[in-house]
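Colleague: return a 3D structure for these sequence lines:
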Amino acid sequence: MAMVNFYKKIRLVLQKFLYVISLSKPLSRVIIFSLGLIILFILPTDNLHYLPISSVYESLFNFKPYSSGITRAVSRLLHGDISGAWEFNPLVYLVIPIALFILIKDVLYLIKTKDFSI
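Modeller: Below is the predicted model of the structure:
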């Protein structure tokens, strides 16, 4: 009986985790976007020389997708390196305002409704 309860708890935790990373609720989007921005702000992009220069898609399909380099561009932008962010991916100046708009909209929704359910 104890093992059944243990498996139910593990299943519940896994379901909650999958629900959070699905970005289907405002609280999950706030958690994921905030953690992503914090990690990219802390991550020293200049010292990450071991990261691959090209993406997997470039290697497999021989073309550069629009999203290639966006993570490092966001990290460079958060560190104040505007030209470095442009070199990695110019679309960063479109992605950041959209992500911040979604984050602010969801935070305001959570403050207004006080619906912190996951």
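Colleague: what does the helix-or-strand element of the chain with minimal mean pLDDT contact?
Modeller: Ranking every helix and strand in the chain by mean pLDDT, DSSP states H and E puts helix 56-61 at the bottom, with a mean of 78. Helix 56-61 is contacted from outside by 63-65, 68, using Cβ atoms under 8 Å, 6 or more residues apart in numbering. C-betas here are computed from N, CA, C, even on glycine.
Colleague: next one: it to chain centre, how far?
Modeller: 22 Å (Cα atoms, centre = their mean, to the nearest Å).
Colleague: check stretch 33-47 too.
Modeller: For stretch 33-47, the distance to the chain centre is 10 Å (Cα atoms, centre = their mean).
Colleague: what about the helices in the chain?
Modeller: According to DSSP state H, the chain carries its helices in the segments 2-21, 26-42, 56-61, 70-78, 82-88, 92-113.
Colleague: was I right to think I102 contacts I32?
Modeller: No: between I102 and I32 there is no contact under Cβ atoms under 8 Å: 10.5 Å.
Colleague: count of neighbours near L23?
Modeller: 15 (other Cβ atoms under 10 Å).
Colleague: then the one 10 residues further on?
Modeller: In terms of burial, F33 registers 17 neighbours under the definition other Cβ under 10 Å.
Colleague: which residue sits closest to it, ignoring its sequence neighbours?
Modeller: L103 (4.7 Å; Cβ to Cβ, 6 or more residues apart in numbering).
Colleague: from Y7, how far out is that neighbour?
Modeller: Distance, L103 to Y7, by Cβ to Cβ, to the nearest Å: 35 Å.
Colleague: next: I70.
Modeller: For I70 relative to Y7 (Cβ to Cβ), the value is 39 Å.
Colleague: looking only at neighbour counts, state which of the two leads.
Modeller: I70 (20 against 10).
Colleague: how about the contacts made by the residue lying closest to that one once chain neighbours are set aside?
Modeller: Distances taken as Cβ to Cβ, 6+ apart place N89 nearest to I70, at 4.8 Å, with adjacent residues excluded. Going by Cβ under 8 Å, 6+ apart, N89 touches 66-70, 72-73.
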